[in-house]
Each structure stands twice: as C-alpha cells, then as structure tokens.
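S.K.: Give me coordinates for this.
(chains A and B)
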Amino acid sequence: MEKLDVIIVGGGIAGLACAYGLKDEGLNVLVLERGEFSGSKNVTGGRLYLNPLKPIVKDMLQGAPFERKVVRERWTVLGDDSSITFDFTSRRIREEDHSFTVLRARFDRYLSERVEEKGVLVIPKYKVDDVLKNNGKVIGVSVGKENLFANVVVIAEGALGFLSRKLGMRGSLSPREYALGIKEIVELPEEVINERFNVEKDEGVAHLFIGSVTKGLFGGGFLYTNRDSISLGVVVKISAIMSAYPHISSNELMERFKAFYEIKSIIKDGSTVEYSAHIIPEAGYNGVGKLYGDGVLIVGDAAGFSLNMGVTVRGMDFAIASGMLAAETIKEAFSKGDFSEKVLSGYEERLKESFVLKELESFKEMPEFLDNEDIFAYYPGKLTELIGRLTYFGESPKERIWRTLKTWAKEILNRKTMKLLLKARKI
Amino acid sequence: MNVEEKLAKNIIKSGKVSHIKIRNEICAGCEKRYCMSVCPGNLYKISEETKEVIVEYSGCLECGTCMIACVRGAICWEYPGGEFGVQYRYG
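M.R.: Have a look, this model is predicted:
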C-alpha cells in the first residue's frame, strides 16, 4: 500500500477535529475508528463549552447536533438525608451560546460525516493494534496483519491510552489518576423536560451533585437535559471505590442515586434506554504525558487533557482544540517537508499559547486540593445541617439566628478547615 | 432496575473470544477482589465450580476500570476487535 500523509487513530472528537483542520489541504488523511461509527464507543456527561473554542474551531461546529443550550446551572449538596440546591441562571448564558449538552453517538457521527464530505476517509470497525516504528520514528500503524504507513500518526485513541503507553509517552494507569463515570439515558418527552426543569424549548440544565451521592467518596453525580432524554450519572475516583471495598460498588451507587428523593420525581415515568460507562483522566496538568515525537502527536483524552474543577468538569473542549492545533502543526510540517520531533514540537507550543495548557497549568493544584474526603462527606453534611437548623421550627422557642450561625461556625472552623482554606489559596 | 436489566438495553455485538483475560495464577493470590466492586456492569463473579474469578465479557461497557483497579495485573484487557463490543446509540 502506498504511504498516506496522515493517519489518525480514533474517530472521536479530538481525531475528527484534527481531520477537520486538515480537510482542505489536499492531504491524504485516514481516520481509523474501532466502533461501528464515530461516536459509538464514546461517552460524555455531558456538555460542551463553546467560548474557549471560538478562536480555534472556525466553522466546524456550525450545524452540529447540540441537544440543549444550558441556561441553568444547578448544584446540589447532599447530606445524609437532606440537601440544598443552588439554581443559577443569567441573561448572559441564556442569550450567548455558552455551553450545550451533547450526546456523543450523534455528535461525533455528524462530525465524521462532515469530514468525509471533504474527502477524509473515516474507516469504522478498524481497531489499531500497534504503532509501527523505525529508528525511533513512528512510521505507521498495524491493524491485524495489515500495516499502514504515513508521514504523521495522530493518536486520538481516548483515555485508556494503550498505544501512547506502548510508545512510552504516558505513564501507567493509576487508580488515583482516573475516575469512572457511569451514565443512564432516561427518555422523557421534550415538553415534560421543559416543564420539570423550568426551561423553554431548546433550553436545558446542567446539574451537579456532591456529598452522599457517592457516600462521601471522591466524586459526584450529574444530570444534563438532552432534547428528549436526561443524562444521569455518577463519577467516582477509581481509588476511592477501591478504598470502600467491599462495602460500596460502582453500579449500586448509580442505582442508589436514582432513588434519591431529589432525583426520583424528575425522572418519574422516564425509561432507561442506555447504560454506559467510561473513564475520565483526573490528574490534570500533572497527568499530561509527552505530546509529540518523531512522526507522532497525541490529542484529546489520550493526552490527558481533562480538568475537574469541582463545579465543572471539562474535556471535550480540550479535545477539539488539541485536535485542531495538531492539524495546524501538521500543516507546518508538510509545508517544510519535515515530520521530525523538532517541527512537531510546535504542537506543544501551540497548546501552551492556547487555553488548553494555560488552564490545565493554572489549575494544576486542583486534583490535590480535591483529594480530601471532607469535601465529599463532612462539609456537605454540615452545610445541609445548618440550613436544616435555620429553617426548622420545633415546639420550643426558636433560637436566635446569630446564635445558630455562631455555634455552627465554631464547629466548622476547626483545624482541618483552616488547612483546607490555606490549600484553597492555590486553586 | 438491576444491572442486568440495564445492560439488556444496550446494543452489544459479542465476539466469540473474550477481550478480557484473567491470569488465574495471579488472581488466586489476591484477597481483595476490587474487580467485583468497581465494574459498572457487575460482570465479575466467583465461579461456584472452580472458585476462580470469572468475567461475563459480553456485557462489557468497555470502560477499562477493572484493568486499572486490578493492581496486581491479573486482568489482561484490550478493546474488542473492530465490529464487536458495545455500540452506544446515545453516548
């Protein structure tokens, strides 16, 4: 077989963004996707933030199948048997195209059709087994007994990173550095969702839960409204489920979440139509491996581009941006006719100049800060307890509000809170 | 709704050969069977006959968590070959 210009391993959003960036260059670009179609192996929570992508993506997302525009941000803190919910909306997020919920099987498939229209070949059901090297330079990939050669190989294989680790560009998979996300798609009619969530047509909600949803383990729950379904799930750090062995299992956490009073009524009469799971890189900046080598670039989840900031979790915007920036670098390499590590290092420079590595770096202390079980157990319990005390009227006369607040503050402002606040200055 | 019922909602095209292999010689020496509690599909069981850990690979959601949690490295896990495995319609 003749040599290709670019092989992209993985037809998820990072790989497809790279293909999109290369589609008008007259290059011979091949995307290899292991699933039945692009998106068929992908899972998101999830929503996509658009503003950071504006300077990078050009028209790639025009006409993309978004589910709903997020116009309400909800956070629920769950105590053992009580909860408190914040419900935020603003004219800005209602009027701007700030963030949208997506379903990957639809979203990625659409993007793959768009790059195919432009002559990029996306081959499904093709699992790449290995990366071919010659004198330390990546020269292609192997699929079964078949070898395919290219000037540049882009690894967009997703979070498990088998090939990147084979190449020695990523470290081993540590339970402390990855979280498990489990999700159910609960189908509900579009109008029912509008009513239950107090939103207009095409508007939706992003709702995160912290506290007893994970029985105090590092993680949380999420709910995103799609057009005519709800994405409902839990995320829990793998090392955290292991620490609770054998008392807590991941699938029970998911089922238990659905039974919460706070959830039950909003998914009432809905039917589960899909059950999915995926891992999420949680190490942030410190989990980013080597991003380029001779003839090779790594993009998206495979590169570890994902950021848990507690109240927001992001990855898809990083994936799209990194794919696009890889494409820019590849264009430069073709114009110079040089695919060496030296030229491809321009990819990391571009990432450093973009929000991808800038934000990952500025939040690099976040994983360590969040690695504190009090955030997921003690504080959620204390917060709901305070609201419970303030709002409850018993038989005996009500205590003065200031006194209730003072007693509560005295309890909570202890040494471990001080330590946490000191740490918080770094986030 | 139990996990089996949820898995039954998925479209899964199962290959004849398992993409998950358990190295029983390593697995047997492990007192903590993390695989059994981390798997979202609840696919790991102890065989009543052999007392060995077995996995019902055909329900696999392909998250890879079992492999990460198996700190002893007894679980050899790879993606199912092209055309096999779970096929998400929503994702």
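S.K.: going forward, measure contacts between C-alpha atoms and count neighbours the same way
M.R.: Noted.
S.K.: Quick check: bridge partners of residue A:229?
M.R.: residue A:187 (DSSP bridges).
S.K.: Show the contacting residues for it.
M.R.: Taking C-alpha atoms under 8 Å, 6 or more residues apart in numbering or on different chains as the criterion, residue A:229 is in contact with A:185-190, A:193.
S.K.: just the buried members of the residues you listed?
M.R.: Buried by 16 or more other C-alpha atoms under 10 Å in any protein chain shown: A:185-188, A:193, out of those.
S.K.: From the residues you listed, pick the one nearest residue B:6.
M.R.: Compare each of the buried ones among the contacts of residue A:229 with residue B:6 using C-alpha to C-alpha and the shortest gap goes to residue A:185, at 10.3 Å.
S.K.: That closest one and residue A:272, how far apart?
M.R.: Taking C-alpha to C-alpha, to the nearest Å as the measure, residue A:185 and residue A:272 are separated by 6 Å.
S.K.: Residue B:57 now?
M.R.: Residue B:57 sits 22 Å away from residue A:272, going by C-alpha to C-alpha.
S.K.: swap in residue B:54?
M.R.: Relative to residue A:272, residue B:54 is positioned 27 Å away (criterion: C-alpha to C-alpha).
S.K.: if you skip the residues just before and after it, what's nearest to residue B:79?
M.R.: Spatially, and ignoring its direct neighbours in sequence, residue B:79 is nearest to residue B:19 (6.4 Å; C-alpha to C-alpha, 6 or more residues apart in numbering or on different chains).
S.K.: try residue A:69
M.R.: Distances taken as C-alpha to C-alpha, 6+ apart put residue A:100 closest to residue A:69, at 4.4 Å, once the chain neighbours are dropped.
S.K.: So the one you found: helix, strand or coil?
M.R.: Taking DSSP: H, G, I helix; E, B strand; the rest coil as the rule, one finds residue A:100 in the strand state.
S.K.: In the sheet, which residues pair with it? Tell me.
M.R.: For residue A:100, the beta-bridge partners under DSSP bridges are residue A:48, residue A:69.
S.K.: Spatially nearest residue to the residue nearest the centre of chain A (excluding sequence neighbours)?
M.R.: Central residue check for chain A by C-alpha atoms, centre = their mean: the C-alpha nearest the mean position is that of residue A:315, 3.8 Å away. Nearest non-adjacent residue to residue A:315, counting by C-alpha to C-alpha, 6+ apart: residue A:306, 4.3 Å away.
S.K.: now swap in residue A:171 and tell me
M.R.: In space, residue A:171 comes closest to residue A:165 once its chain neighbours are excluded; the distance is 6.4 Å by C-alpha to C-alpha, 6+ apart.
S.K.: Can you report how many residues lie near that neighbour?
M.R.: The burial metric for residue A:165, expressed as a neighbour count using other C-alpha atoms under 10 Å in any protein chain shown, is 15.
S.K.: now it: how far from residue A:144?
M.R.: Distance of residue A:165 to residue A:144, computed by C-alpha to C-alpha: 19 Å.
S.K.: same question, residue A:274
M.R.: Looking at residue A:274 against residue A:144, where the rule is C-alpha to C-alpha, the gap reads 31 Å.
S.K.: Equivalent analysis for residue A:243, please.
M.R.: Using C-alpha to C-alpha, we find residue A:243 at a distance of 39 Å from residue A:144.
S.K.: One more: residue A:361?
M.R.: Separation of residue A:361 from residue A:144 (C-alpha to C-alpha): 39 Å.
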